[in-house]
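Colleague: any chance you can model this:
(one chain, ligands or ions: 1)
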Amino acid sequence: MSSKFMEILGPNALNGGLPIKGNGRGGLCIRCSVSLSTDGSVTGVRPWKTSDARLVLEDGSVWRAKSFGASGTQVGEVVFNTSLTGYQEILTDPSYAGQFVLMTNPHIGNTGVNPVDEESAQCFLAGLVIKSLSICTSNWQFTETLENFLAKRNIMGIYDVDTRAITCRLRQDGSLIGVLSTEVLKTDEELLEMARNWDIVGVDLISSVSCDAPYNWLDKTDAAWEFKATGGHPESFHVVAYDFGVKHNILRRLASYGCKITVVPSKWPASETLKMNPDGVLFSNGPGDPSAVPYAVETVKEILGKVPVFGICMGHQLLGQALGGKTFKMKFGHHGGNHPVRDLRNGRVDISSQNHNYAVDPASLPEGVEVTHINLNDGSCAGLAFPAQKMMSLQYHPEASPGPHDSDTVFKEFVDMMKQNKQAS
Ligand SMILES: NC(=O)CC[C@H](N)C(=O)O
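Modeller: Numbering: from 1, shown residues only. So this is what the prediction gives:
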């Protein structure tokens, strides 16, 4: 970006003519490393980047792109996410372990990253695939550019690739394994072989994203962001939360609804959980194939029926299996912040946040288990209840982050279930 250009368009040219807002740090043109001080002066320039990365899919297609973040070679399953916002929450959602997330929204990076939108302390995904990496980062709470964030966390990203064409292919053929590489010495054939020799099915991914030891979770949703009066909580319920890759906002929402939470690792014995005498148990979201973690299904089986339980996403799938049902891999899954689901008990439709590739087959479930929610895009099972076993579960993300808050009331349903159970015992 020449200073002449800056003169013609003025100091805010890189920000679409808008003032560069916020924290007095000025702005950053992350693609060409032009940085703007608060008075708009240019402090550094480098040439526009040319393609230096390849994404090779298992179907043999090769997609040339420009890299950002980390460099190297990485294999993973490519999934597309239709959320318009919330890329930082998506990048830090442990359920994306082993996957490349392709954002269908073409413009990513404009708000940078900040310390408060993290859904976990690490990034576990294989990489990020986007169309356009925002030229400017400008947000009132940003502390870092997306590019620096990914580089520091050793996560590869690519931009200037035809994300629409890749999405069409995934919709047609289903999720595909891909290899992303910036290494020029690796041939397309080598990368293709790598993609074809790798699989995500049958792999236990939850044990590598879970915590190592139990801990207490105290944080509630920050008052400035509390969108729902969760009511006073004269009573407080103790919830043991199994961390299969838990998103922090699940824990924040439970804390906001007055729960005291003990987070435990994925392999924490059911007997130890029951010794804690909890009012309820949460089985969290988590990455990968629910059929690859029989030990977790056993844990769920041992707890089911003894205390009220709530499963979210992976937790829902494990409950489905613990009840004797089957899970299956969907063609390309659901990933986005705009999926309509219907609560079959009252007809209410919520717009929901979703991230899953597997689903429970309702036909495989025993009598007494009620399908409470369906995904209106494809009719798949989106929620279950089995009152006799004090169980409820959702295939999607009521905690949002990112996504709509429509389904937040289910946290209250869980609290009410714990309350009723306590009163009855
Ligand atoms: N968000 C999640 O818990 C994902 C569940 C599961 N790993 C799937 O892909 O279906």
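
Colleague: ranges for the helices of the stretch 101-250 of the chain?
Modeller: Assigned by DSSP state H, counting those that start in this stretch, the helices in the stretch 101-250 of the chain fall at 146-152, 163-173, 188-196, 248-256.

Colleague: kindly reformat those helices as a markdown table containing mean pLDDT, mean neighbour count and distance to the ligand.
Modeller: Where C-beta positions appear, they are placed from N, C-alpha and C, glycine not excepted. Shown next, in a markdown table, are those (pLDDT from 0 to 100; neighbours: other CB atoms under 10 Å; distance: least, CB to the nearest ligand atom, whole Å):
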| stretch | mean pLDDT | mean neighbour count | distance to the ligand |
| --- | --- | --- | --- |
| helix 146-152 | 97 | 20 | 21 |
| helix 163-173 | 97 | 16 | 14 |
| helix 188-196 | 98 | 17 | 19 |
| helix 248-256 | 97 | 23 | 10 |
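
Colleague: now the ones you listed in CSV, with distance to Trp225?
Modeller: As requested, the helices of the stretch 101-250 of the chain are exported to CSV (distance: least, CB to CB, whole Å):
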stretch, distance to Trp225
helix 146-152, 21
helix 163-173, 30
helix 188-196, 40
helix 248-256, 9
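
Colleague: okay, now Arg153: neighbour count?
Modeller: For Arg153, the tally of surrounding residues (other CB atoms under 10 Å) stands at 15.

Colleague: help me confirm that it comes into contact with Ala121.
Modeller: No - under the criterion of CB atoms under 8 Å, Arg153 is not in contact with Ala121, lying 10.1 Å apart.

Colleague: for the stretch 1-150 of the chain, which spans come out with low pLDDT?
Modeller: For the stretch 1-150 of the chain, applying pLDDT under 70 flags the ranges 1-47.

Colleague: for it, which residues are neighbours of the ligand?
Modeller: Contact residues (CB under 6 Å from any ligand atom) of the stretch 1-150 of the chain with the ligand: Ser95.

Colleague: from the stretch 1-150 of the chain, which residue is nearest to the ligand?
Modeller: Using CB to the nearest ligand atom, the closest approach of the stretch 1-150 of the chain to the ligand is made by Ser95 at 3.3 Å.

Colleague: and this protein, what are its domains?
Modeller: Domain segmentation of the chain under automatic domain parsing yields 3-36, 53-196, 215-424.

Colleague: of all the ones you listed, which lies closest to Gly202?
Modeller: Closest to Gly202 of the domains of the chain is domain 215-424 (CB to CB; 5.0 Å).

Colleague: tell me how far the ends of that closest one are from each other?
Modeller: Taking CA to CA, to the nearest Å, the first and last residues of domain 215-424 lie 29 Å apart.

Colleague: likewise for stretch 78-85?
Modeller: 19 Å.

Colleague: pull out the buried positions in that stretch.
Modeller: Buried positions in stretch 78-85, judged by neighbour count with 16 or more other CB atoms under 10 Å: 78-83.

Colleague: what does stretch 366-373 give?
Modeller: 369, 372-373.

Colleague: stretch 318-335 too?
Modeller: Buried residues in stretch 318-335, counted by 16+ other CB under 10 Å: 318-323, 325, 327, 329, 332-335.

Colleague: so which of those residues is the closest to the ligand?
Modeller: Nearest to the ligand among these, with distances taken as CB to the nearest ligand atom, is Gly333, at 6.3 Å.

Colleague: output the longest strand belonging to the protein.
Modeller: The residue-count maximum for a strand in the chain (DSSP state E) belongs to strand 326-343.

Colleague: hang on, the earlier thing: can you list the domains of the chain in TSV and add distance to Leu205?
Modeller: Output for those, formatted as TSV (distance: least, CB to CB, whole Å):
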stretch	distance to Leu205
domain 3-36	30
domain 53-196	5
domain 215-424	3
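
Colleague: closest one to Ser208 among those?
Modeller: Smallest distance to Ser208 across the domains of the chain (CB to CB): 7.0 Å, for domain 53-196.

Colleague: need the distance between the two termini of that closest one.
Modeller: Per CA to CA, domain 53-196 runs 19 Å from first to last residue.

Colleague: what about the strands in the stretch 101-250 of the chain?
Modeller: 107-108, 127-129, 132-133, 136-137, 156-159, 176-181, 215-217, 237-243 (DSSP state E, counting those that start in this stretch).

Colleague: SS state for Val263?
Modeller: Under DSSP: H, G, I helix; E, B strand; the rest coil, the three-state class of Val263 is strand.

Colleague: dump the residue contacts of Asn285.
Modeller: Shown in contact with Asn285 (CB atoms under 8 Å, 6 or more residues apart in numbering): 93-95, 244-247, 250, 312-315, 355, 397.

Colleague: if we only consider those, which is nearest to Ala165?
Modeller: Closest to Ala165, out of all of those and judged by CB to CB, is Asn355, at 22.6 Å.

Colleague: what residues are bridge-paired with the closest one?
Modeller: Beta-bridge pairing for Asn355 (DSSP bridges): His335.

Colleague: try Gly69
Modeller: When bridges are called by DSSP bridges, Gly69 pairs up with Met156.

Colleague: my read: it touches Leu128, true?
Modeller: Yes - with contacts counted by CB under 8 Å, Gly69 reaches Leu128, the gap being 7.2 Å.

Colleague: quick one: which of the two has more around it?
Modeller: Taking neighbours as other CB under 10 Å, Gly69 and Leu128 compare with Leu128 leading, 28 against 22.

Colleague: is the more buried one in contact with Ser67, as I believe?
Modeller: No - using CB under 8 Å, Leu128 is not in contact with Ser67, being 10.6 Å away.
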